[in-house]
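[1] I'd like to go over a predicted model; first the sequence, then the structure.
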Amino acid sequence: MGTDQITLTGLTVVGHHGVYDHERRDGQEFVVDLVLDLDTTPAAASDDVADTVHYGELAEQVAAVVAGEPVNLLETLAARIAGVVLKHPLVDAVQVGVHKPQAPIPVAFGDVAVTIRRERGGR
């Protein structure tokens, strides 16, 4: 398993996820943080983006999931994002944090998030 990491934080995308009709109708911002475990040795040696995970392309792929088909739960959204990240053959594991800063919570709060970790092979 790779001991190196690529981190992408604060990816902000409007999505229509949630259990309430107004969330699905109006949408709101979701913020995604990713930590990818992989071996960056080949990329460092070649100095070629083809030997690593192109984080710009990855950001677009994750944004498409967040902006895509609505789900009820942050847990489901995080799992879908993890699945997209793990399609990259160089990624051994990923930690996905999904924040919903405008969640419909009736008391003052700073943020709510779900964080999951998934490894290649379903662990």
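    Yep, it's here.
[2] lowest-pLDDT helix or strand in this protein?
    helix 21-26 (a mean of 94; mean pLDDT, DSSP states H and E).
[3] looking at it, residue 82 is touching residue 115, isn't it?
    No. Using Cβ atoms under 8 Å, residue 82 makes no contact with residue 115, being 10.7 Å away. Every residue, glycine included, has its C-beta placed from N, CA and C.
[4] who touches both of those two?
    Common neighbours of residue 82 and residue 115, using Cβ atoms under 8 Å, 6 or more residues apart in numbering, are residue 96.
[5] who's more crowded, the two?
    Neighbours were counted for residue 82 and for residue 115 using other Cβ atoms under 10 Å; residue 82 has more, 22 against 13.
[6] got the contact list for the nearest residue to that one once chain neighbours are set aside?
    Residue nearest to residue 82 in three dimensions, not counting chain neighbours: residue 118, with 4.1 Å by Cβ to Cβ, 6 or more residues apart in numbering. With contact taken as Cβ under 8 Å, 6+ apart, residue 118 is in contact with 79, 82-83, 86, 93-94, 96.
[7] same check on residue 29?
    Neighbours of residue 29 in contact, by Cβ under 8 Å, 6+ apart: 12-15, 101-102.
[8] which among those residues gets closest to residue 22?
    Nearest to residue 22, judged by Cβ to Cβ, of the contacts of residue 29 is residue 102 at 11.3 Å.
[9] for the chain, what are the low-confidence residue spans?
    Where the chain drops to pLDDT under 70, the residues are 1-2, 123.
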